[in-house]
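Student: fold the stuff below for me.
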Amino acid sequence: MNVCMRATFTCSWDNMIAKLEANMASASDAHKGWTVPKESENGIIFMANIIDFEALGGLMMNEDQLQWDKDNGVEYAAYTMQPMGG
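Tutor: Numbers count the residues shown, from 1 in each chain. Predicted structure coming up:
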């Protein structure tokens, strides 16, 4: 995994996960797997192995997604990760 994102939201857990699943399915060429542990009823930790950051950025920054995020109180903090050791 090379990306970690923490997100909080005001919509339901089910709505957030449904949106995330749809987004990741539509960007299947941009990643090689992802997982989402539940942090709380209104928080997730998203980890993924992204292979095309430009494609993922286009998905996350399009007008429809930005409006969905605004309507659902979504706030993101994104981090890159690297394996430890050699």
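
Student: could you list the low-pLDDT ranges of the protein?
Tutor: 86 (pLDDT under 70).

Student: those strands in the protein, which residues are they?
Tutor: With DSSP state E as the criterion, the chain has strands at 3-8, 31-35, 38-40, 43-50, 75-80.

Student: may I have the strands that pair with the second one, each with its orientation?
Tutor: Here strand 31-35 is paired, per DSSP bridges, with strand 43-50 (antiparallel).

Student: kindly report the same for the last one.
Tutor: On the basis of DSSP bridges, the sheet neighbours of strand 75-80 come out as strand 3-8 (antiparallel).

Student: list the contacts of the partner strand.
Tutor: 16, 39, 42-50, 73-81 (Cβ atoms under 8 Å, 6 or more residues apart in numbering). Where C-beta positions appear, they are placed from N, C-alpha and C, glycine not excepted.

Student: also stretch 74-86?
Tutor: 1-11, 16, 47, 68-69.

Student: the top helix by length along the chain - contacts with which helices or strands?
Tutor: If you go by DSSP state H, the chain has its longest helix at helix 13-26. Helix 13-26 sits against strand 43-50, helix 53-60, with contacts defined as 3 or more Cβ pairs under 8 Å, 6 or more residues apart in numbering; DSSP states H and E.

Student: flag every buried residue along the last one.
Tutor: By that I understand helix 53-60. Residues of helix 53-60 classed as buried: A55, L56 (neighbour count, 16 or more other Cβ atoms under 10 Å).

Student: next one: the first one
Tutor: By neighbour count, and taking 16+ other Cβ under 10 Å as the criterion, the buried residues in strand 43-50 are I44, F46, M47, A48, I50.
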